[in-house]
Every structure is written in structure tokens, then in C-alpha cells.
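Enquirer: Compute the structure for the input listed below.
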Amino acid sequence: MRTTDRLALATMGAMVLATVSMLALTSDRLLLAFGIGLVAVLMVISAGARRLRVGSWLVHLWQLLVVAGVGLGLGLSAQPASGSWLQQLGQLYLEAVLTIRTESAPMEANGAVRWLFLIILGLVTILMDLLVLTLSSPAWSLAPLVSVYLIPALALPGGVSWWVFALLASGYLVILAADTANRLGTWTRNLVTDSAERTHSRWGVWRMAAVVGIPVLAAAIAAGSLLPTFGTLDLDARRPRGNGPIQLVDPTIELQKNLAQQSERVVMTYTSNSPTGEYIRLTSLSQIDRTGWKLTPMQLSTGSLPQPPGVSSTRRTTTQINVGDFSTQYLPAPYAPDSFQATGEWAWDRNTLTLVSTAANGTESTRNLSYEVTSVDTDPNPQQFNEAIPGAPADAAVTAQVPSDVPAEIAELAASITKDAPTPVLKAAAIQEYLRDPRRFTYSTTAPAGDGYEVIANFLLRDKAGYCIHFASAMALMARLEGIPSRVAVGFLPGEKTGDQWRVRGRNMHAWPELYFAGFGWVRFEPTAAVADAPMWTVTSPLNQPTPSSSTSQQPSSDPTSSSSASAPSSDPSASQSTAAPVSGGTGFVMPWAQVIGATGGLAVVALLAVTPLLVRRSIRRGRLHATGDPHHVVAGWWEEARDTLVDSGTDWPEGSPRGRAAAAAPGLGTEAAGALSRLALAVEHSRYARTMDDLSPDLADDIRFFTHEVREHETGLRGLAATLWPRSLWVNLGRWLSGVRQ
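Expert: Okay, the predicted model is just below:
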């Protein structure tokens, strides 16, 4: 096996192990398959091209073209066509970064994340090939492997498992062992025994790697498990370590506070082309269990919002909102939002179309914020809606699930209420009418006793008093028991109209049920008679005609408002993102200046570090070539510069006397350069062994300048670039200095 083949196989093995370590971040098994395939293709190109003696620069160009082709192909296939291909890839990058920032590990399979990870793996593989094979510096392959390790190490709030470190460290040992095997083969001239009858089996290299590497790995893992992690230092952070999943605030807490205090504070104003105002929604609670209704984990995306599922309406409503002294991580918006323009960092949840701040201080994102929202008018036609049947939203596993531990008394009540209703819509209308009857239920800001199901049971069967969240929770649960997907929305009532402007106060905070019907999507119902009329599309038969008192306030502290044409809730579940046609409009994404400045500063630091070896090497060369004073020191500096120039070009400095070194290096040099080095060697020997030394001839200074110029001029392509940006002599001399070897 050729030395390049062995190193290529070792590099491929190390990168395959690095790819496996990525599974600590994502459950996407396709990433593993695609990643291993990409690494294999890149290293096969490297090994095959080097067998054909193709220039290294061409090898890496081919590899970059492969990575670019894979990135372009997967990127355009994963992103719906909208705008130029560059815009599509930019949007895909933003979605990948946002998903990584907001989801907990291991993340669910995501095309954008897979695309970004594959590009990273491809570029790291090319860098590994450059270091190991092109620059013949296998030891430096540790740097890209450590960068791969840092991705899960910094991203996971709890740190990484020991096996991630073990995989990457094992890959590094494989590369070092392969390099050692190559050197051993060169030392013994590919013989298995030498004149001393010692056997040099290459398997001994791998045995040595196991004997040395396994104990070192075990010790490192043991030490790492005993050391504290930085993630424990910031216990109160909203996003620990700055990059974990966003911790969503329970909106019902703010709801309870505002209703209990009956706050008259104006939290927002808005103008709308809707004559009856808008229900302004924050988010929806989709999951029900023994603890009550709650938020589900959100899958956040950026870019154009999708069309609400099952809705063919083309009517749009534009709302200009001005938030005052009210702050939340949810962007208040009429449902269903089609597009919005708001400063800050915002994303939308695929299932609920909730608009969420992704900024580090997201809970303060809406204070004194002005923005515009365009929403789809999804109010159903009452005659058409009357015959609708329950639909199957993409998140039906959550929104249609009926927990097995729901109290039987609640199920029996729901069945008795709906037994005479012939259609699903009339069943929902019957439940709404039952809850709206003031002879049965009383509006009160005092919550019923208990938790979870107990609260709902006490509200329905015993206390029969509560506020909007209890009416909405009870209706959503009973609708689900009757086979209708449901969830509970939290937001604000339309408020009071003053002139052309609507004013929304703290006491207008509200909760209402949303039910999913085929062909109509999520539809808003209103079971809380004390604060709002029933939507006209829910009054479909004499069974549920509202009583005269149902449209007036039942409590002095409540605020009745008309809601007949408010924006009807309708959501787009996660799976519909791939089937629904994108709607025009953007998110109004604005990059904060702090991030721009930080990114620019970070790039400047990286650039400075990258050019530091170049600047140091040039400074050393300038000092040697322009040295004056003691001739012994001057000629010694010239000789060291000749040595380092050859080392930078990739040529090892020969052993022996100065004249012996010059003679050994001559075959790789031009005639004039070899002559200049020979004359310099004579001057060095004269300096070392003569009794005295006269001033140096100007011709000798010309010789060293000519020699260094000629050697550098013949270095082209990637090798020449590496000799300039990453001069090998710096690291060779540093190693000699650290080991105490005389130069």
C-alpha cells in the first residue's frame, strides 16, 4: 500500500468517526449516511489523484467542487423555490442556524440542519486532507478534529458524552499510527528486518497505538468526568450557556395576573381595516394531560409564513400594532398571520404559527414595539361550515389525542350535551351554548379548586364558576372527547374603539378554544358569554342560539366586545410546510448591530491569528538579511535563513557539515542557487573555524538574497501558499527549542 493511500484511509476513518459523533446533536440518521458517503468520495478523490501525480491544488479544487455541488443540490431540494438560488441558500442557512439555536439535542431530522452539517463535514475533510497529505503534517490534524468536537461540546447544555471524545481521539490516533507506519517503512527501506536482525512489522505500530492510546483515552475520560463543566455557572440564564433551546413562558400566568387585577393599563393600540376589531393572539396550548393544558415544544422557522392548512381564502387584513409597556416573547398578532414586519429576531412555529422572539432577552422584545401584521381572513361561511367534519391536522398526535385518564364524569357530560346534535359542528356549537348559558355558569376571576382535570371537573360539575381559561379549557377538552381536534388560544379581545384606533387593556387578556375542521382549519369558538358574543359561524341552528343575556356583560369587571368578524384562528402544522404553497411576504428580519459588530470583530481576530505566522516569519527573514555588526553573527543568521527557506518549501534540512548540507541540497536546486548555497557554506565554515574573520563580501549578501528568492519563486500552488501563510520552519524550530536540540 502506498503511503498516500494509507494516510487517505486513516483520514477517512477519522472523519467517519467525527461524523458519528454528530449524532449527539441530531437524531437524523440520514446525516450519518450522507456524511460517510461525502467523506468517502472526497478521500477517494484525494488518494486516486495522488496516485496519478495530480497537483495538490487541483485535488483540493475537485474536492471543493464536490462539496459545492452537494451543498447546492441538497440546498435547493430542501428549500421551496422562492427567489434566486443564492437567496434560497441564504434562507436555508438562517433556518438551520435558528433550528440549532432553539431546539434541544438530539434535534429532530431537519433538512436545513443536515445541509449545514454536511457542508461543515466536507470542508473539515478537505482541511484534514490538506494537513495530512498535502502539507505532510499529520499531527496538525488535531486542530480540525477538535473543532468538530467543540460543536457538540459547546452546543449541548449538559456537555458531551465520553464516547464523543473517544471517537475523535481514536481517529487522531489512527492518523498518527498511519504516519508512523509510513515513516517506519521508509526507515527500513520497506524491508521487514535490518542487519541487526530486528523485525519491523507494521502491526507493531498499531499495537503501540493501542498500548499508549487506550490508557491515555481512559485517563482523559476519567479526568473529564471529575471536572466541573462551565454550563453549571449560569443557572438562572433563560438560555443556559447562550445557545440552548428557548424556554417558553407560560402565557396563562400573565392572563391570570391581568384578569385578577382587572388592569386598566393600555397594553397596546392598533388600527385595522376590520370594522369590528381583531382578536390578538399570543400563542396556543395544544397538549392536555393530568396537569392541564400546556405548550408543546416548538419547531421554529424563518422566512415566508405558509398558507393556513385547509383554507382557500384570499382575503387579507392589515393591522398596525403599537405595543406599550407590555413585554412578552410572543409577538401579538391576529390569527392567522401571513406576513409581518417587526424589528428584532423573530421566528414562527410550524404547528401554531406563533411568532416567537429568538433574541437572548426575548421576554423584553415587544416593549414599545411598533410593527405591521398582514393576516389571512379565515372566518368560515356559516352555511358552508354547518356541514363540516373534523379534520386531521399534521400535529394530530397532540391536538387530537384524548388522554386515557380523563375523568369519566367529564366524558359523560360531553356525551349528554352533544347526544342530540347530528353533525360535528353542531356538537361543538352545543358545547359552546351549554357553557354560555348564564343559568348554569358564572364568570368569576376566582379559579376553581384543584389542578389539571380536577379544576375542569370542579368548574363543570360543582363550582360552575371561573374565568375565560376555564371556559376555553372545558370546551376544548369536551370537543376532543367528541372527536374534534382542539387547543386553547391565549391573547387579547379586540378592545375598545376610539376614533380610528382600537385600545387594548390588560383586563382584555383572554383565552378561547380553537377547533380543527376539514376545509376550514382552526376555527375560533367563544364559550365565555360574559366577555364576548359567539362568532356568527357557530350560531348555526336553534339549538345554540344565544340568549339575550349572552351578549352582555355578566360581571362589572369584564369588558364585552363584538367579535363577529374578528380574525378566525387557523394554524399550519409542521408537516404542511412542505405541501402548502409559500405566501408572499417576509419576516422583516433585521440583524442586530451588536451581532454585526461582534461577528466583524470575531472575523478580524481570526484573520489576525491566521496571518500572525506570516508576519512573524517575514520579520525574522528581514532581521537576518539586513543584519549588521559582528560578521560571525551575520553569516550565522544567513545560514539559518537558508535552512528555514528550504524547510518552508517542504525540503528537510540535510545532516552533516555546512559543505555536506549544501552538497546534499544541491540536486533539488537550480545551478545558480546551488552555487550560492555552496559559497555561503564555505563562509559559515570559515566563520566557525578560522582564527579571524574579515568583513563579509557584498557578493555573499547577494548570494543569500538570491538563494531565498529563487527557492520561494519555485514554490507555486497550495504548497507555495502554505509556505507563505503557514511557514513550516516556525514550528520545526519551536519543536527543536522545546526539545533542547541545537539548531
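Enquirer: in the stretch 601-743 of the chain, which spans are helices?
Expert: Per DSSP state H, counting those that start in this stretch, the stretch 601-743 of the chain carries helices over the ranges 631-648, 658-665, 671-689, 698-713, 717-725, 728-739.
Enquirer: Buried deepest among the ones you listed, which one?
Expert: Of the helices of the stretch 601-743 of the chain, the one with the most neighbours on average (mean count of other C-beta atoms under 10 Å) is helix 631-648, at a mean of 21. C-beta: built from backbone N, CA, C; applies to glycine.
Enquirer: Check what contacts stretch 676-688 and list those residues.
Expert: Contacting residues not belonging to stretch 676-688 are listed as 631-632, 635-636, 638-639, 642, 657-659, 661-663, 665-666, 669, 693, 696, 700, 703-704, 706-707, 710 [C-beta atoms under 8 Å, 6 or more residues apart in numbering].
Enquirer: cool, stretch 696-709 as well?
Expert: Stretch 696-709 is contacted from outside by 621, 625, 631, 634-635, 638, 641-642, 645, 672-673, 676-677, 679-680, 683, using C-beta under 8 Å, 6+ apart.
Enquirer: Next: stretch 441-450.
Expert: Residues external to stretch 441-450 that are found in contact with it (C-beta under 8 Å, 6+ apart): 256, 259-260, 262, 435, 455, 457-459, 462-467, 470-471, 528-531, 554-555, 557-558.
Enquirer: now stretch 685-697: how far from the chain's centre is it?
Expert: 65 Å (C-alpha atoms, centre = their mean, to the nearest Å).
Enquirer: swap in stretch 625-632?
Expert: Taking C-alpha atoms, centre = their mean, one finds the center of stretch 625-632 at 56 Å from the center of the full chain.
Enquirer: what are the C-alpha coordinates of that stretch, in PDB please?
Expert: Extracted C-alpha coordinates of stretch 625-632, given in PDB (Å, rounded to 0.1, in the frame of the first residue of the first chain):
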ATOM      1  CA  LEU A 625      19.000  39.600   5.700                       C
ATOM      2  CA  HIS A 626      19.600  43.200   6.900                       C
ATOM      3  CA  ALA A 627      21.700  42.300   9.900                       C
ATOM      4  CA  THR A 628      24.900  44.300  10.600                       C
ATOM      5  CA  GLY A 629      27.700  44.100  13.100                       C
ATOM      6  CA  ASP A 630      29.800  41.000  14.100                       C
ATOM      7  CA  PRO A 631      30.400  39.000  10.800                       C
ATOM      8  CA  HIS A 632      30.200  35.800  12.800                       C
END
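Enquirer: average pLDDT for that stretch?
Expert: Regarding stretch 625-632, the rounded mean pLDDT is 82.
Enquirer: Check which residues of that stretch are buried.
Expert: 627, 631 (16 or more other C-beta atoms under 10 Å).
Enquirer: distance of R505 from V67?
Expert: Using C-beta to C-beta, to the nearest Å, R505 is found at 56 Å from V67.
Enquirer: Ok, G362 next?
Expert: G362 sits 35 Å away from V67, taking C-beta to C-beta as the criterion.
Enquirer: quick one, which of those two is more surrounded?
Expert: Between G362 and V67, counting by other C-beta atoms under 10 Å, G362 is the more crowded of the two (23 against 20).
Enquirer: how far away is L730 from V647?
Expert: 9 Å.
Enquirer: do L176 as well
Expert: According to C-beta to C-beta, L176 and V647 sit 21 Å apart.
Enquirer: Show me the domain layout of the protein.
Expert: 3-191+198-231, 251-578, 593-739 (automatic domain parsing).
Enquirer: and those, which is most packed in?
Expert: Taking mean count of other C-beta under 10 Å, domain 251-578 is the most buried of those, at a mean of 20.
Enquirer: model confidence over it, on average?
Expert: 82.
Enquirer: so how far is it from its chain's centroid?
Expert: Relative to its chain's centre, domain 251-578 lies at 31 Å (C-alpha atoms, centre = their mean).
Enquirer: please begin residue numbering at 9 from this point
Expert: In the new numbering, first residue 9, that becomes domain 259-586.
Enquirer: ok, now which ones touch the closest residue to S280 other than its chain neighbours?
Expert: Leaving aside its chain neighbours, S280 sits nearest to T327 (4.5 Å; criterion: C-beta to C-beta, 6 or more residues apart in numbering). T327 is in contact with 278-280, 282, 286, 341-342, 380-383, counting by C-beta under 8 Å, 6+ apart.
Enquirer: which element is T327 on?
Expert: In the assignment (DSSP states H and E), T327 maps to strand 324-331.
Enquirer: circling back to that earlier point, show me the contacts of stretch 449-458 that map onto helices.
Expert: Secondary structure assignment by DSSP state H places 264, 267-268, 443, 463, 465, 478-479 of the contacts of stretch 449-458 in helices.
Enquirer: which of the residues you listed sit farthest apart?
Expert: Farthest pair in the ones in helices among the contacts of stretch 449-458 (C-beta to C-beta) is A268 and A465. Separation: 22.3 Å.
Enquirer: Can you tell me the closest non-neighbouring residue to A186?
Expert: Per C-beta to C-beta, 6+ apart, closest to A186 is A18, 3.7 Å.
Enquirer: Let me see the confidence value for the one you found.
Expert: pLDDT, A18: 88.
Enquirer: from memory I44 sits against V24, does it?
Expert: Yes. Counting by C-beta atoms under 8 Å, I44 sits close enough to V24 to count as a contact (5.4 Å).
Enquirer: Does anything pack onto the helix or strand hosting L73? Which helices or strands?
Expert: Under the criterion of DSSP H and E, L73 resides in helix 64-86. Other elements packing on helix 64-86 under the criterion 3 or more C-beta pairs under 8 Å, 6 or more residues apart in numbering; DSSP states H and E are helix 37-59, helix 93-110, helix 119-137, helix 725-733.
Enquirer: Can you check my assumption that V496 lies in a strand?
Expert: Yes. Under DSSP: H, G, I helix; E, B strand; the rest coil, V496 sits within a strand.
Enquirer: Identify the bridge partners of it.
Expert: L293, P521 (DSSP bridges).
Enquirer: Can you verify my assumption that it contacts A484?
Expert: Yes. V496 is within contact range of A484, at 5.1 Å (criterion: C-beta under 8 Å).
Enquirer: Can you work out which residues contact both of those two?
Expert: 301, 521-522.
Enquirer: Nearest to A147 among those?
Expert: W301 (57.9 Å).
Enquirer: helix/strand/coil for that closest one?
Expert: Using three-state DSSP, the structure places W301 in strand.
Enquirer: Help me confirm that it comes into contact with S481.
Expert: Yes. If you go by C-beta under 8 Å, W301 and S481 touch, sitting 5.4 Å apart.
Enquirer: Give the residues shared as contacts by those two.
Expert: With contacts taken as C-beta under 8 Å, 6+ apart, the residues that reach both W301 and S481 are V496.
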